[in-house]
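Peer 1: Have a look at this prediction, sequence included:
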Amino acid sequence: MAQPQKAAQSGKPKTAITPTREENFPEWYQSVIKAADMAENSPVRGCMTFKPYGYALWENIQRSMDSLIKDAGVQNAYFPLLIPVSYLSKEAEHVEGFAKECAIVTHHRLEKGPKGGLIPAPSAELEEPFVIRPTSETIIGEAMARWVQSYRDLPLKLNQWCNIMRWEMRTRMFLRTAEFLWQEGHNAFATADEAQDDALKMLEVYRSVYENDLAIATIPGEKTADERFPGADRTFTLELMMQDGKALQGCTSHNLGQNFSKSLNIKYQGEDGQEHFAHTTSWGFTSRSIGATIMTHADDDGMIMPPRVAPYQVTIIPVVRDEAGKAGVFDYCDTLRARLKTIGVRAHFDASDARAPDKMWASIKKGVPVRVEIGQREVDEGQLTMTRRDLGKDSKKTISVDEFIGTIPPLLDSMQADLLARSRTFTDSRIHDVRDLAAMRDFFVAETAGFARCEASLTAQPEFEKIRKDFSITPRCLPFADSGQKVLVGRSY
RNA sequence: CGGGGUGUAGCUCAGCUUGGUAGAGCGCUACGUUCGGGACGUAGAGGCCGAAGGUUCGAAUCCUUUCACCCCGACCA
């Protein structure tokens, strides 16, 4: 657990999280997650446990995204976790990048082994093993092939919320774990144009969630040929800039053309009476977005939740001096909580018997947007004392409850806007134009440099490969904003 | 999969070189005084030292094997 630094010893301002971002960004990141009680590593290799507070954030993200997906005319469905190995073989061309890191189910029963303990029963070996889905392209494609007969069956737009398993070599909480949560959309269309429009339309859904809900500035663009999904004609992405200057791929939306429909046999009879292969898209957004939210907004005192998706938007902390006054303060707090609920503000009344300062720090580390403190003083005056998490203790002020109730919704909105503006300013400030590869090399000497933007043709020069290796950088995307003429290059997660 | 590191209390770690039967801080429990940006005192609970073998009168400590995790690479639909 991160302990507060003793200011007297260190001579630095006291921070709730150690180390600080500047001292050690990766360790700071882990500490923030722990201090906010969002998640922990599980006993299972490479997997993590979403604790209630972290899962509540995911649920809020999910709720918002799900609504936008449905608005786009997509229906939710659910397909099996286990996929017959033979299905993966169907897309032999993509197996290279696809099936290597799968978990495989080979037995259907356990029995007592010779050393005690349970082992897979040799007599219960499956004739055809299953893989635990690393993505559901094949099994959904198999269904689509049966469901699509006529052009009247198109477009067919399906989405599923589920877990995925990829046996990743190196894992990091939220950012890359062996098992993770996501949604995967799989749409099929009659024409190439529709599929292309769709890939961009779903990317726009993701942009909306990142910017409007998570308050994270995005850089929409297209992946370069080297970076795109092997089975895709075109891959679109939102690249995000984290506080350490590294890129995080926020999501992907693929125009798969007819590559998958041909290998999975998704075809339809057109108005012309002829058979045609469908044009498909796939698009995914994962629980990595939580990692992005942390690395974008959190500071050296812990998490900062964007109000729109914050599990709690307000924490109410009672400050009680003696048992005699406790009931009155608690009633006052609970009444406030109830009033906030009626105006649609998610409030948490911390009635636990922890000490008031500990409750305050818990609220800070969890990143609750607004902290309210209520003691006998406030009760007597019909007031409350509030502090904004993003501005810290200097923003502490005492106002009437009525004023608070009247101003809290717009206040949360403006905090949301402030966070996005801050993220946008930061992102823009770390993008630097470079004219040539020598300038690029100079730029990346700084560990936290950010992104270099240059003519796309520069990365085709042989010397680029060397820079790429020397600094562990990759082309992140061809931003739409530059009409695909320029490329952003940076370090990434 | 290559290179390095670590497994001892819920957490972070000391002890291991020079074998002698378990330690600290934080956290937790109880009581008292406290309580508005991280309180303090007193008294407690809590560990077959990652696992399996071996050496020894005796192993957290030495040897062998094995498993897991972390960091740096490679990988990352």
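Peer 2: That came in fine, so what should we check first? Residues are numbered from 1 along each chain as shown, chains lettered A, B, ... in the order given.

Peer 1: And A:L238, how far from RNA strand B?
Peer 2: Using C-beta to the nearest atom of the strand, to the nearest Å, we find A:L238 at a distance of 13 Å from RNA strand B. Where you see a C-beta, it was placed from the backbone N, CA and C, and this is true even at glycine.

Peer 1: count of residues packed around that residue?
Peer 2: 27 (other C-beta atoms under 10 Å).

Peer 1: Let me see the contact set for A:T293.
Peer 2: Neighbour list for A:T293: A:L57, A:L214, A:I216, A:M305, A:P306, A:V309 [criterion: C-beta atoms under 8 Å, 6 or more residues apart in numbering].

Peer 1: Now for the residue in the stretch 201-350 of chain A that RNA strand B sits nearest to, how many residues are close by?
Peer 2: RNA strand B sits closest to A:F229 of the stretch 201-350 of chain A, with a gap of 4.0 Å, by C-beta to the nearest atom of the strand. A:F229 has 19 neighbours, counted by other C-beta under 10 Å.

Peer 1: Same question for A:R207.
Peer 2: By the measure other C-beta under 10 Å, the count of residues near A:R207 is 17.

Peer 1: contacting residues for it?
Peer 2: A:R207 makes contacts with A:T218, A:P220, A:L238, as judged by C-beta under 8 Å, 6+ apart.

Peer 1: Could you do A:K112 as well?
Peer 2: With contact taken as C-beta under 8 Å, 6+ apart, A:K112 is in contact with A:L118, A:I119.

Peer 1: Report the rounded mean pLDDT for the helix or strand encompassing it.
Peer 2: Assigned by DSSP states H and E, A:K112 belongs to strand A:110-113. Averaging pLDDT along strand A:110-113 yields 78.

Peer 1: With stretch A:169-181 instead?
Peer 2: Stretch A:169-181 comes out at a mean pLDDT of 88.

Peer 1: Could you list every helix and strand in contact with the helix or strand where A:T281 lies?
Peer 2: When elements are assigned from DSSP H and E, A:T281 belongs to strand A:279-286. If contacts are counted by 3 or more C-beta pairs under 8 Å, 6 or more residues apart in numbering; DSSP states H and E, strand A:279-286 sits against helix A:137-147, strand A:179-189, helix A:192-208, strand A:247-257, helix A:259-264.

Peer 1: ok and the longest one relative to strand A:279-286, angle-wise?
Peer 2: If you take axes from the mean of the first three to the mean of the last three C-alpha atoms, to 10 degrees, helix A:192-208 sits at 10 degrees to strand A:279-286.

Peer 1: by how many degrees do helix A:192-208 and strand A:179-189 diverge?
Peer 2: Using the same axes, to 10 degrees, helix A:192-208 lies at 150 degrees relative to strand A:179-189.

Peer 1: So which bits of helix A:192-208 are buried?
Peer 2: For helix A:192-208, a neighbour-count test (16 or more other C-beta atoms under 10 Å) marks A:E194, A:A195, A:Q196, A:D198, A:A199, A:L200, A:K201, A:M202, A:L203, A:V205, A:Y206, A:R207 as buried.

Peer 1: so how far is A:L256 from the third one?
Peer 2: If I follow you right, that is A:Q196. Using C-beta to C-beta, to the nearest Å, A:Q196 is found at 11 Å from A:L256.

Peer 1: want to try JSON lines for the helices and strands packed on strand A:279-286, with distance to A:D66 as columns?
Peer 2: Formatted as JSON lines, these follow (distance: least, C-beta to C-beta, whole Å):
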{"stretch": "helix A:137-147", "distance to A:D66": "18"}
{"stretch": "strand A:179-189", "distance to A:D66": "8"}
{"stretch": "helix A:192-208", "distance to A:D66": "10"}
{"stretch": "strand A:247-257", "distance to A:D66": "15"}
{"stretch": "helix A:259-264", "distance to A:D66": "24"}
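
Peer 1: Where among those is average confidence lowest?
Peer 2: Lowest mean pLDDT within the helices and strands packed on strand A:279-286: helix A:259-264, at a mean of 91.

Peer 1: What is that one packed up against?
Peer 2: With contacts defined as 3+ C-beta pairs under 8 Å, 6+ apart, helix A:259-264 has these neighbours: helix A:92-98, helix A:137-147, strand A:279-286.

Peer 1: Counting by contacts, list what the following helix or strand past it packs against.
Peer 2: Scanning forward in sequence from helix A:259-264 by DSSP H and E, the next helix or strand is strand A:267-269. Judged by 3+ C-beta pairs under 8 Å, 6+ apart, strand A:267-269 is in contact with strand A:275-277.

Peer 1: What backbone torsions are found at the residue nearest in space to the middle of chain A?
Peer 2: Closest residue to the average C-alpha location of chain A: A:S289 at 0.8 Å, with C-alpha atoms, centre = their mean. Phi and psi for A:S289, reported as degrees, to the nearest 10, are phi -60, psi -30.

Peer 1: Report the contact partners of it.
Peer 2: Neighbour list for A:S289: A:I61, A:V209, A:Y210, A:L214, A:G250, A:C251 [criterion: C-beta under 8 Å, 6+ apart].

Peer 1: export the strand or helix carrying A:D380 as CSV, just CAs?
Peer 2: According to DSSP H and E, A:D380 maps onto helix A:376-381. In CSV, the C-alpha atoms belonging to helix A:376-381 read as follows (Å, rounded to 0.1, in the frame of the first residue of the first chain):
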residue,chain,number,x,y,z
GLN,A,376,-22.3,20.1,13.3
ARG,A,377,-21.3,23.5,12.0
GLU,A,378,-22.9,22.7,8.6
VAL,A,379,-26.0,21.1,10.1
ASP,A,380,-26.6,24.2,12.2
GLU,A,381,-26.3,26.5,9.2
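
Peer 1: After that helix, which helix or strand is next?
Peer 2: By DSSP H and E, the next helix or strand past helix A:376-381 is strand A:383-388.

Peer 1: and that next one, what other elements does it pack with?
Peer 2: strand A:370-374, helix A:376-381, strand A:397-400, helix A:401-429.

Peer 1: Please work out which of those is packed deepest.
Peer 2: Neighbour counts (mean count of other C-beta atoms under 10 Å) averaged over each of the helices and strands packed on strand A:383-388 peak at strand A:370-374, with a mean of 24.

Peer 1: pull the CA atoms of it into PDB?
Peer 2: Output in PDB follows, covering the C-alpha atoms of strand A:370-374 (Å, rounded to 0.1, in the frame of the first residue of the first chain):
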ATOM      1  CA  VAL A 370     -16.700  16.100  -5.400                       C
ATOM      2  CA  ARG A 371     -16.100  15.500  -1.700                       C
ATOM      3  CA  VAL A 372     -18.600  16.900   0.800                       C
ATOM      4  CA  GLU A 373     -17.800  17.200   4.500                       C
ATOM      5  CA  ILE A 374     -20.600  17.700   7.000                       C
END
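
Peer 1: hang on, the earlier thing: out of the helices and strands packed on strand A:279-286, flag the one nearest A:D322.
Peer 2: Across the helices and strands packed on strand A:279-286, A:D322 has its closest neighbour in strand A:179-189 (46.3 Å, C-beta to C-beta).

Peer 1: Now do that closest one against helix A:137-147, angle only.
Peer 2: Using the same axes, to 10 degrees, strand A:179-189 lies at 30 degrees relative to helix A:137-147.

Peer 1: As TSV, the contacts of A:T293 with neighbour count, distance to A:R152 and pLDDT would be great.
Peer 2: Below are the contacts of A:T293 laid out as TSV (neighbours: other C-beta atoms under 10 Å; distance: C-beta to C-beta, whole Å; pLDDT from 0 to 100):
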residue	neighbour count	distance to A:R152	pLDDT
A:L57	27	41	96
A:L214	29	38	98
A:I216	28	40	97
A:M305	28	46	97
A:P306	27	42	98
A:V309	25	39	97
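
Peer 1: Having no further points to raise, I will conclude here.
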